[in-house]
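[1] A predicted structure for the sequence below; I have some questions about it.
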Amino acid sequence: MLKLNGIHTFYGPIEALRGINIEVKQGEIVSLIGNNGAGKSTTLMTISGILKPQAGDIVFEGEGIGGMPPHRIVEMGISQVPEGRRIFPRLTIKENLEMGAYTKFKVQLDKIFELFPVLKERQKQLGGTLSGGEQQMLAIGRALMSNPKLLLLDEPSLGLAPIIVSKIFRTIKDINREGVTVLLVEQNARAALKLSNKGYVLETGKIVLEGKGEYLLINEQLKKAYLGE
Amino acid sequence: MRSEELKVKSFDMNTLSTAAKPIIIALWLSLLFLPFKGFKAAILFFAIFSVLLLSLKFLSPYKKIFAERLQIFSKKIYLLSVNRYPSIVIRSALLLLILTMPFMVRDYFIDVAILVGIYVILALGLNVVVGFTGLLNLGFVAFYAIGAYTYALLNTKFGIGFWSALPFSLVITSVAGFLLAIPALRLRGDYLAIVTLGFGEIARLILNNWDSMTRGPNGISGIAPPEILSISFGKLSHYYYLVFLFVILTLFITRRVYASRIGRAWVAIREDEIAASAMGINTTLYKLYAFAFGTFWAGLAGALFSGKMQFVSPESFTFMESVLILCMVILGGLGSIPGVIFGAFILVLLPEVLREVQLYRMLSLGVGLVLMMIFRPQGLLGGKRVSLRS
Ligand SMILES: Nc1ncnc2c1ncn2[C@@H]1O[C@H](COP(=O)(O)OP(=O)(O)OP(=O)(O)O)[C@@H](O)[C@H]1O
Ligand SMILES: [Mg+2]
């Protein structure tokens, strides 16, 4: 469904991605893990078109999308929940969700409210006044508003209490079951890998390890570096 | 014992630093007065300001109360101007007042009212760029000038009437806005502000120096006022109604566009540009629209200004003018349409009322803005929340 071939992305002179190959198949959950500054967010931003790759190509459903503007990429069915959620703070929950459906002509709120009943109760509350967990739900809900085929999630567990984290992970699983393919970036490697069909480990702009989720979970090298054992 | 001592010490330090701040502010304020009033007065002012600010500081609950009062006051005004139920009467009274005004007052007041109208149009236009979309434009006056000179030149060189020249003013101004935006929008924040500021200055310098075309600092005189069916709008009261109609038109259209899909894209860009593009909003395009749409109204205001004054010169289009329009937008409340209108009102009327103290006009404006940033950062009429459905 999505394939990255030899992607290089720069911030000015800094090479943040140094030739990355990733493949995500239809219906999968794929996770991308790695230390701070490894280039995980950069990878997602490159897929979303907010950053332009200097070299390499990105193919989504058989079409090259490398260098396409972000709004076209959303229209093609890729939606991102950016790092830090990036809720519109002075808009209400409802308005935030409506923004998510910007590329659509019809706004379908019911499905999102079913997934996150809290959001329905508080439709009129300002995004900026929500708790971290609620904001994360709103960010996911907002990204789903465009009915994506592929959902990119950047550290959805960031700064959340363990109970909320497991709830978010369960929701991700549910969303996936509904037919949305997921590419998940996480610091929380264990939880992410348990959930995933496949995982990639990123280190300073390069993929250093890849494989099935359960395989990576028992990998010695990975255990030391990321699972804290 | 030890920690107690430390506590006492740090407390002292705290009171010291809280005391220092107001004194520094007082010093700064009194320095502003130095060039106008001489040394003695400056010292006096310093003493007054220090006492005032210190007492303000130590009676800090006062700030809260004051801010609350201000809020209640502005809410009242807001309710008067916006809320539907009690205000139908007030609204029609206001409308009646506006419509009958020319019959009741001296020409001088009509003159000022026309000016208010022109500035309301300008401020509503700038509000699209700064308030809705969050892009700082410090050269807005350039577009006002382009609109004014387009009509002035078309009229005096080719004898084209107001109504035939108006579309040219509007189109040329919007295109200029669009053209400036294409390179400028690659920049962000401060850089965008600097480039637009530079553009404003360049426009004024061209007007000042292109003698063969614009007659330089002498300006262009003998511009005909608009006419309909050979009724001239040269008369002040006629012009007043004309401007009023255009203000209504501006108000209507900017509100409509703000509530539309385009307006939503602008708000998203203002709130968080990266999130906006992640939502599938073509941010570059919508920023261009904002620039062109905002400057469109500057073109209208410019043409109206030319027709009213029947004279234009570069002097009317200085950087201070850009600042003044920006202040109108900020004072009333960024992004709030009633707020912006209110801001334009105050900033046109205030200097007229305070004619004797012209010298302090900019000074008091500055002090006023600083105080507002402290007590009411969202502007006089700006709500805490900036809804999409204003
Ligand atoms: N806007 C930027 N300008 C310059 N360098 C940047 C910028 N954004 C990221 N970088 C650099 O690119 C590299 C990769 O950053 P990235 O944000 O992709 O890391 P990450 O894996 O998402 O880290 P984290 O887990 O902390 O979010 C880092 O070295 C970072 O310093
Ligand atoms: Mg990151």
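    Arrived safely. Numbers count the residues shown, from 1 in each chain, chains lettered A, B, ... in the order given. Ligands and ions are numbered 1, 2, ... in the order given.
[2] any stretches of the stretch 101-250 of chain B with poor pLDDT?
    Filtered on pLDDT under 70, the stretch 101-250 of chain B yields no residues whatsoever.
[3] and for chain A?
    In chain A, residues with pLDDT under 70: A:226-229.
[4] from the centroid of it, which residue is nearest?
    Centroid-nearest residue in chain A, with CA atoms, centre = their mean: A:L153, separated by 1.5 Å.
[5] how about that one, secondary structure?
    Here A:L153 is strand, with the state taken from DSSP: H, G, I helix; E, B strand; the rest coil.
[6] for it, what are its contacts?
    Taking CB atoms under 8 Å, 6 or more residues apart in numbering or on different chains, we find A:L153 in contact with A:Q80, A:V81, A:I140, A:I172, A:V182, A:L183, A:L184, A:V185. Heads up, the C-betas are built off the backbone N, CA and C, glycines and all.
[7] I'd like to know which elements the helix or strand hosting the last one is packed against.
    So the one you mean is A:V185. Using DSSP states H and E, A:V185 falls within strand A:181-186. Other helices and strands packing on strand A:181-186, by 3 or more CB pairs under 8 Å, 6 or more residues apart in numbering or on different chains; DSSP states H and E, are strand A:14-24, strand A:29-34, helix A:40-48, strand A:150-154, helix A:162-177, helix A:189-195.
[8] nearest to A:L126, of those?
    helix A:162-177 (20.2 Å; CB to CB).
[9] tell me what angle the closest one forms with strand A:181-186.
    Angle of helix A:162-177 versus strand A:181-186, following axes from the mean of the first three to the mean of the last three CA atoms, to 10 degrees, is 160 degrees.
[10] buried stuff in helix A:162-177?
    A:I164, A:V165, A:K167, A:I168, A:F169, A:T171, A:I172, A:I175, A:N176 (16 or more other CB atoms under 10 Å in any protein chain shown).
[11] and the residue of chain B found nearest ligand 2, what does it touch?
    Closest residue of chain B to ligand 2, CB to the ion: B:I274 (12.8 Å). By CB under 8 Å, 6+ apart, the residues touching B:I274 are A:I50, A:P82, A:R86.
[12] tally of neighbours for the nearest residue to the first one once chain neighbours are set aside?
    Pointing back at A:I50 there. Nearest residue to A:I50 in three dimensions, chain neighbours excluded: A:P70, at 5.2 Å (CB to CB, 6 or more residues apart in numbering or on different chains). Other residues near A:P70 come to 24 when the count uses other CB atoms under 10 Å in any protein chain shown.
[13] surely A:P70 is in contact with B:A278?
    Yes: the pair A:P70 and B:A278 passes the contact test of CB atoms under 8 Å, sitting 6.6 Å apart.
[14] quick one: common contacting residues for the two?
    A:S48, A:I50.
[15] so how far is chain B from the residue of chain A found nearest ligand 2?
    Nearest to ligand 2, among the residues of chain A, is A:S41, at 3.1 Å (CB to the ion). For A:S41, the distance to chain B equals 11 Å [CB to the nearest CB, to the nearest Å].
[16] give the contact list for that residue.
    Contacts for A:S41 (CB under 8 Å, 6+ apart) come out as A:P82, A:E83, A:D154, A:V185.
[17] quick check: the second one vs B:L31, distance?
    So that's A:E83. Here the distance between A:E83 and B:L31 works out to 46 Å (CB to CB, to the nearest Å).
[18] check the last one too.
    Distance, A:V185 to B:L31, by CB to CB: 53 Å.
[19] of the two, who's got more company?
    Set A:V185 next to B:L31 and count neighbours by other CB under 10 Å: A:V185 wins out with 24 against 12.
[20] and A:E210, what element?
    Residue-wise, A:E210 maps onto strand A:206-212 under DSSP H and E.
[21] now that strand - C-alpha only, PDB.
    Extracted in PDB, the C-alpha atoms of strand A:206-212 (Å, rounded to 0.1, in the frame of the first residue of the first chain):
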ATOM      1  CA  LYS A 206      18.600   4.900   9.100                       C
ATOM      2  CA  ILE A 207      16.600   1.700   9.500                       C
ATOM      3  CA  VAL A 208      18.800  -0.600  11.600                       C
ATOM      4  CA  LEU A 209      16.400  -3.400  12.300                       C
ATOM      5  CA  GLU A 210      13.100  -4.600  10.900                       C
ATOM      6  CA  GLY A 211      10.900  -7.600  11.300                       C
ATOM      7  CA  LYS A 212       7.700  -9.000  12.700                       C
END
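[22] is that strand positioned near ligand 1?
    No: judged by CB under 6 Å from any ligand atom, strand A:206-212 makes no contact with ligand 1; its nearest approach is 11.6 Å.
[23] buried residues in that strand?
    Using 16+ other CB under 10 Å as the test for burial, strand A:206-212 gives A:I207, A:L209, A:E210.
[24] ok, back up a step: centre of the chain versus the strand or helix carrying the residue of chain B closest to ligand 2, how much separation?
    According to DSSP H and E, B:I274 maps onto helix B:273-278. The chain centre lies 28 Å from the centre of helix B:273-278; the measure is CA atoms, centre = their mean, to the nearest Å.
[25] mind listing what's buried along whichever helix or strand comes after it?
    Per DSSP H and E, the first helix or strand lying C-terminal to helix B:273-278 is helix B:283-309. Burial within helix B:283-309, assessed by neighbour count using 16+ other CB under 10 Å, is assigned to B:283-284, B:286-309.
[26] where's the residue of the stretch 51-200 of chain B found nearest ligand 1 relative to B:E273, distance?
    Using CB to the nearest ligand atom, the single residue of the stretch 51-200 of chain B nearest to ligand 1 is B:R188, 12.1 Å away. According to CB to CB, B:R188 and B:E273 sit 8 Å apart.
[27] which of the two has more residues huddled nearby?
    The neighbour comparison of B:R188 against B:E273 (other CB under 10 Å) goes to B:E273, with 18 against 11.
[28] now do the same contact list for the closest residue to the more buried one other than its chain neighbours.
    In space, and not counting its chain neighbours, B:E273 is closest to B:T283: 5.8 Å by CB to CB, 6+ apart. Contacts for B:T283 (CB under 8 Å, 6+ apart) come out as B:A265, B:I269, B:E273, B:A276, B:S277.
[29] report pLDDT for B:T283.
    Looking at B:T283, its pLDDT is 91.
[30] B:L32 too?
    Reported pLDDT for B:L32: 72.
[31] over to B:V257?
    Model confidence at B:V257 (pLDDT) stands at 94.
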